[in-house]
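K.L.:
Quick one, fold the following:
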Amino acid sequence: MSIYLSMQRVRFSSPDGYEKFKVIFADTRNHLMKLAGFLHLTWWVHPEDPTWFNEVSFWLNRESLRDWHMDIYHKHAKEWAARGAIMEDIITNFELQGTRLLRVCPCCGLVEDKAFDLNLEQKTLAEPCPKCNFTFPVMSPTPSSFAVFKDIALATETPAPAEIKSTVPA
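P.N.:
Reported below is the predicted structural model:
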């Protein structure tokens with residue numbers, strides 16, 4: 001099964017433009033968590049150039065990504081940003097054919113290299129080391145997090161925790 005990745009590099013017209021963008025974009029988490037086919041969103045400052053910001057989102061299928069781009073909330077946020085907050089916006093979309101997990105246990109040294117289903121990213125990352133049961137750190141969604149995760153299987157089984165639904169900059 002393919003997964004779709006949308007990668008966006010953004011440069012704001014000014015530091016003030018970025019601060020205003022964070023206010024407008026703060027409710028994105030709430031909209032994404034309700035969308036069928038949404039898996040993951042991460043937003044971060046580029047490590048080598050703090051004037052560039054990077055966003056990566058993963059989607060179950062191309063239609064879900066297209067639905068997000070056509071979503072009225074997304075359209076209004078983009079229109080607002082295009083009126084002065086964003087100076088450059090580079091968007092690239094990819095189709096992922098497979099996902100691998102590579103990790104080394106810091107306790108026993110076991111090397112894992114295995115394919116995994118990105119639909120179950122958080123569940124897979126929460127699995128302890130099969131040899132010594134070391135628990136790897138996992139970034140959980142929190143009110144201050146710039147990352148939003150949604151395992152499809154878990155989202156259909158259990159309602160999202162209240163902290164995932166809170167309004168945060170994303």
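K.L.:
any chance you could map the strands in this structure?
P.N.:
3-12, 38-45, 52-59, 86-96, 100-104, 111-115, 147-149 (DSSP state E).
K.L.:
Out of those, flag the one nearest Ala126.
P.N.:
Smallest distance to Ala126 across these (C-beta to C-beta): 10.8 Å, for strand 147-149. For the C-beta atoms, the positions are set from N, CA and C on the backbone; glycine is no exception.
K.L.:
Show me what that closest one is packed against.
P.N.:
Counting contacts by 3 or more C-beta pairs under 8 Å, 6 or more residues apart in numbering; DSSP states H and E, strand 147-149 is packed against helix 28-34, strand 38-45.
K.L.:
So for stretch 11-26, what gets flagged as buried?
P.N.:
Arg11, Phe12, Gly17, Tyr18, Lys20, Phe21, Phe25 (16 or more other C-beta atoms under 10 Å).
K.L.:
number of nearby residues for Arg103?
P.N.:
Using other C-beta atoms under 10 Å, Arg103 has 13 other residues around it.
K.L.:
contacting residues for the nearest residue to it once chain neighbours are set aside?
P.N.:
Of all residues not flanking Arg103 in the chain, Glu112 sits nearest, at 5.3 Å (C-beta to C-beta, 6 or more residues apart in numbering). For Glu112, the contacting residues are Leu101, Leu102, Arg103, Val104, Cys105, Cys129, Pro130, by C-beta atoms under 8 Å, 6 or more residues apart in numbering.
K.L.:
Just the buried residues of those.
P.N.:
Using 16+ other C-beta under 10 Å, the buried ones in these are Cys105, Cys129.
K.L.:
Quick check: the farthest pair among the contacts of Glu112?
P.N.:
Checking these with C-beta to C-beta, the most distant pair is Leu102 and Pro130, at 14.7 Å.
K.L.:
thinking again about what came up before, now the contacts of Glu112 as CSV including pLDDT and distance to Ile90?
P.N.:
Formatted as CSV, the contacts of Glu112 follow (pLDDT from 0 to 100; distance: C-beta to C-beta, whole Å):
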residue, pLDDT, distance to Ile90
Leu101, 90, 28
Leu102, 93, 28
Arg103, 94, 30
Val104, 96, 33
Cys105, 95, 37
Cys129, 96, 38
Pro130, 96, 40
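K.L.:
any chance of the contacts of Glu112 in JSON lines, with distance to His69 too?
P.N.:
Formatted as JSON lines, those follow (distance: C-beta to C-beta, whole Å):
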{"residue": "Leu101", "distance to His69": "29"}
{"residue": "Leu102", "distance to His69": "31"}
{"residue": "Arg103", "distance to His69": "33"}
{"residue": "Val104", "distance to His69": "38"}
{"residue": "Cys105", "distance to His69": "40"}
{"residue": "Cys129", "distance to His69": "39"}
{"residue": "Pro130", "distance to His69": "40"}
